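K.L.:
below: sequence and its predicted model.
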Amino acid sequence: MVGQTKNREMKQKMQALKDLYFSRHYTRCARSGERLLGEVDSSMHPVHLAYLNFYTALSHDTLAREATIKNRHHELVAAEEYYRAAIAALALPSSTCSTPTLDDEHPSTPESATFPEERVWLDRLKTKSSNLSTSCRTSSSTMSDPFDLEKDVHFELKGFSFPSPPRTSTPTFLEITSNPRSSHIDNSSMLSPLSTHPIRPEPVAKVNFPPGTSIFVGMLQGHLTSVLTLKESTGIHDSKYTFLNPSASPTKSQFRFPRTSDLPQHQKEDLRKKRKQMAWRPRFDPGSIRKLCDEALAEL
């Protein structure tokens, strides 16, 4: 029941995240996705984790393609990070074989962030999915929504067993005192005073990924490839607003005149002469403007 409640709450949060993306609130979607990823624990289903990373990466990807060159590199780095996290969450073993089905409701980038090679790549995925469906079909159900990928994981106490008493082959205290030669005791069969059961490694729960997961992973890899391509063509120092050296402004550091009081006397005189001979721009004279206004009023 606890697992079902968590899954239900996570579905509601993911639906809200999806609504933010489709309503074009990309900044809010990215921040909400990062906040939800910070609340993730180990009991979360890998498909839910992958979709959180996917929507977060997709928001950063869209912001990178709509932002200026100054902010583009930062958004591309974030998109690459979350795309890789989504692919890692859906890491499938090589022995698994599921029926890949293509879902038309999978969110993709908007028209402003559509990749040139995305249509060709989707056509290839469709042909591959039709060829694989005859050889490795495991289920007839298809994905109608991103949240239908998740299957509730029930935790049952199947392998539970009560602590067993010590073995009868272990020599007792009286036997040890009566036979001093057998002073060596095999510690492998004895239990620690603090434990009532031998320590065994916890079995790793096997996650059954639904059919169509391989197609979703392929879509993630396609988005990641496009982000890496745009990242290589963008670069960090392509912006004209980026200063390579975080020093003071050139107007204050290089073109600043020394103080007049620090100069020798003959240089002070030369500087005064240059300033007197310099042609200054005349001050603003409002008389011409008044004359023009009077003429315009007289014509009216």
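P.N.:
Sure, I can see it. Worth saying up front: this structure is predicted, and the values here are computed from it rather than measured. Residues are numbered from 1 along each chain as shown.

K.L.:
quick one: pLDDT of His60?
P.N.:
The model reports His60 with a pLDDT of 92.

K.L.:
which SSE is it in?
P.N.:
helix 46-66 (DSSP states H and E).

K.L.:
for that helix, buried residues please.
P.N.:
Neighbour counts over helix 46-66 (16 or more other CB atoms under 10 Å) mark 46-65 as buried. Where you see a C-beta, it was placed from the backbone N, CA and C, and this is true even at glycine.

K.L.:
got the CA coordinates for the next helix or strand after it in PDB?
P.N.:
As assigned by DSSP H and E, the chain's next helix or strand after helix 46-66 is helix 69-89. C-alpha atoms of helix 69-89 as PDB (Å, rounded to 0.1, in the frame of the first residue of the first chain):
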ATOM      1  CA  ILE A  69      24.500  32.700 -27.200                       C
ATOM      2  CA  LYS A  70      25.600  33.900 -23.800                       C
ATOM      3  CA  ASN A  71      23.300  31.500 -21.900                       C
ATOM      4  CA  ARG A  72      23.200  28.700 -24.500                       C
ATOM      5  CA  HIS A  73      26.300  26.800 -23.300                       C
ATOM      6  CA  HIS A  74      25.000  26.600 -19.700                       C
ATOM      7  CA  GLU A  75      21.600  25.200 -20.800                       C
ATOM      8  CA  LEU A  76      23.200  22.700 -23.100                       C
ATOM      9  CA  VAL A  77      25.500  21.400 -20.300                       C
ATOM     10  CA  ALA A  78      22.400  20.900 -18.000                       C
ATOM     11  CA  ALA A  79      20.500  19.200 -20.800                       C
ATOM     12  CA  GLU A  80      23.300  16.800 -21.500                       C
ATOM     13  CA  GLU A  81      23.600  15.900 -17.800                       C
ATOM     14  CA  TYR A  82      19.900  15.000 -17.500                       C
ATOM     15  CA  TYR A  83      19.700  13.100 -20.800                       C
ATOM     16  CA  ARG A  84      22.600  10.900 -19.600                       C
ATOM     17  CA  ALA A  85      20.800  10.400 -16.300                       C
ATOM     18  CA  ALA A  86      17.600   9.300 -18.000                       C
ATOM     19  CA  ILE A  87      19.500   6.800 -20.200                       C
ATOM     20  CA  ALA A  88      21.400   5.400 -17.200                       C
ATOM     21  CA  ALA A  89      18.100   4.900 -15.300                       C
END
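
K.L.:
mean confidence (pLDDT) on helix 69-89, please.
P.N.:
If you average the pLDDT over helix 69-89, you get 88.

K.L.:
now the angle from that helix to helix 46-66?
P.N.:
If you take axes from the mean of the first three to the mean of the last three CA atoms, to 10 degrees, helix 69-89 sits at 160 degrees to helix 46-66.

K.L.:
which elements pack onto helix 69-89?
P.N.:
Using 3 or more CB pairs under 8 Å, 6 or more residues apart in numbering; DSSP states H and E as the contact test, the elements touching helix 69-89 are helix 46-66, helix 213-234.

K.L.:
do you know how far Gln12 is from Leu36?
P.N.:
Distance of Gln12 to Leu36, given as CB to CB, to the nearest Å: 11 Å.

K.L.:
those two: which is more packed in?
P.N.:
Counted by other CB atoms under 10 Å, Gln12 and Leu36 do not tie: Leu36 has more neighbours, with 21 against 11.

K.L.:
element containing that one, please.
P.N.:
helix 26-38.

K.L.:
if we look at that helix, which residues are touching it?
P.N.:
By CB atoms under 8 Å, 6 or more residues apart in numbering, the surrounding residues in contact with helix 26-38 are 13, 16-17, 20-21, 49, 52-53, 55-56, 59-60, 62-63, 66, 78, 82.

K.L.:
quick one: that helix to helix 46-66, angle?
P.N.:
Going by the same axes, to 10 degrees, helix 26-38 is angled at 150 degrees with respect to helix 46-66.

K.L.:
okay, now Leu297: neighbour count?
P.N.:
Neighbour tally, Leu297, other CB under 10 Å: 8.

K.L.:
go on, Leu230?
P.N.:
Close neighbours of Leu230, defined as other CB under 10 Å, add up to 18.
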